[in-house]
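A.B. asks: how would this look folded up:
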Amino acid sequence: MQLHYICPHWGQEQTPPEAFINKVIAAGYAGIEINAGGLEKAHWLPLLKSTREKHPEFIVVAQYPQSSPEADQPVYHLYRSGARSLYARKPGQR
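C.D. replies: Numbering: from 1, shown residues only. Purely as a prediction, here's the structure:
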């Protein structure tokens, strides 16, 4: 079994996306964990695509932190949009 360490984006949202990705790669992490609902912001999807083209082994774990159905209603459409965008890009395939 091989372990891969990923860097969470949580707590680093103020860091520009390019700087965050560069910092993660320079630190030796295998990839990132990021909130799927925020992937449409700040051109994350094109950046992740270009990162995976340069570093095909780069891992992206997109998660949706869920608190309660009532609290999630305002951001649910962002999650679905992010999930559909990720699915359309066929993660794991080049």
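A.B. asks: chain neighbours aside, what residue packs nearest to the spatially most central residue of the chain?
C.D. replies: Closest to where the C-alpha atoms of the chain average out (CA atoms, centre = their mean) is residue 34, at 3.9 Å. The spatial neighbour of residue 34 that comes closest, neighbours along the chain excluded (CB to CB, 6 or more residues apart in numbering), is residue 9 at 4.3 Å. Bear in mind the C-beta positions are built from the backbone N, C-alpha and C, glycine included.
A.B. asks: wait, doesn't that neighbour sit right on residue 20?
C.D. replies: Yes: using CB atoms under 8 Å, residue 9 is in contact with residue 20, at 6.6 Å.
A.B. asks: that older thread, so when I look at the residue nearest to the centre of the chain, I'm seeing a strand, right?
C.D. replies: Yes: Residue 34 forms part of a strand when assessed by DSSP: H, G, I helix; E, B strand; the rest coil.
A.B. asks: hang on, residue 57 packs against residue 30?
C.D. replies: Yes: counting by CB under 8 Å, residue 57 touches residue 30, with 7.0 Å between them.
A.B. asks: more neighbours, these two?
C.D. replies: residue 30 (16 against 8; other CB atoms under 10 Å).
A.B. asks: so what pLDDT did the more buried one get?
C.D. replies: For residue 30, the pLDDT comes out at 96.
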